[in-house]
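In: give me coordinates for this.
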Amino acid sequence: MWVLAAVTAAALLVSTIVNRKKTWEAIKKGMRMLLSLAFPFLTVLIVVSLALMFLTPESIAGLLGGAGDGWAVAAAAVVGSVTLIPGFVAFPLCALLLQMGAAYSVAAVFLTTLMMVGVVTLPLEAKYFGWKTALLRNALSLAAAVVVGLGIGLAWSFV
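Out: Take a look at the predicted model:
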């Protein structure tokens, strides 16, 4: 992180030396962009915090800890799509799911939708990319997650 900050500071210094006026305009434009992102980002952060308050790792594991039938895969896809959990929490959570007896297909669908599908972040994504693109990306990600999960379930059935 410090390296990135140092490189950024050096680039800003060089830019200021080359053209002070353009650098100042770029800084003002960047600040406007940052401020326009702050409210939607804080909204998503609040919604995610509230969701995590109710959806603890134990409750998610209890919901998805069953067999790898169609209902469990569908539940994993829905829960993974609407939950926003960082990767350093998601991977141990999937290990917990597997320890509780969840099928590999369920854990794979849950983890893949968790990382690729974002129902909570959809309005923010749509604001910058448009609703059509955001919905298409999420739909394709959901389909890919189900295909990955079913493929892993199929592969583990041969092991």
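In: in the chain, which ranges drop under the pLDDT threshold?
Out: The model of the chain has pLDDT under 70 over residues 44-45, 47-49, 51-52, 55-58, 60-68, 159.
In: where is the longest helix in it?
Out: helix 20-54 (DSSP state H).
In: and K132, how close does it get to N138?
Out: Distance of K132 to N138, given as Cβ to Cβ, to the nearest Å: 11 Å. Yep, even glycine has a C-beta here, placed from its N, CA and C like the rest.
In: all the helices of the chain, residue numbers only.
Out: Counting by DSSP H, the helices of the chain are 2-18, 20-54, 57-64, 70-82, 87-99, 104-116, 122-129, 131-157.
In: most packed of those helices?
Out: Scoring the helices of the chain by mean neighbour count under mean count of other Cβ atoms under 10 Å gives helix 104-116 as the most buried, with a mean of 25.
In: from the centroid of this structure, which residue is nearest?
Out: M115 (4.4 Å; Cα atoms, centre = their mean).
In: I'd guessed that one sits against A90; true?
Out: Yes: the criterion here is Cβ atoms under 8 Å, and M115 meets it with A90 at 7.1 Å.
In: domains for this structure, by residue range?
Out: Residue ranges for each domain of the chain read 1-51, 55-159, as given by automatic domain parsing.
In: hmm, A77 is touching L142, no?
Out: Yes: between A77 and L142 there is a contact under Cβ under 8 Å: 6.4 Å.
In: now do the shared contacts for those two.
Out: Residues touching both A77 and L142 by Cβ atoms under 8 Å, 6 or more residues apart in numbering: 113, 117.
In: quick one: list the elements packing against the longest helix of the chain.
Out: Contact here means 3 or more Cβ pairs under 8 Å, 6 or more residues apart in numbering; DSSP states H and E; on that basis helix 20-54 packs against helix 2-18, helix 122-129.
In: CSV please, covering the ones you listed and showing distance to A95.
Out: Output for those, formatted as CSV (distance: least, Cβ to Cβ, whole Å):
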stretch, distance to A95
helix 2-18, 31
helix 122-129, 28
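In: nearest to R32, out of those?
Out: Proximity to R32 (Cβ to Cβ) singles out helix 122-129 among those, at 14.6 Å.
In: pull the distance from the closest one to the chain's centre.
Out: On the basis of Cα atoms, centre = their mean, to the nearest Å, helix 122-129 sits 14 Å off its chain's mean C-alpha point.
In: so it versus helix 70-82, what angle?
Out: Relative orientation of helix 122-129 versus helix 70-82 (axes from the mean of the first three to the mean of the last three Cα atoms, to 10 degrees): 60 degrees.
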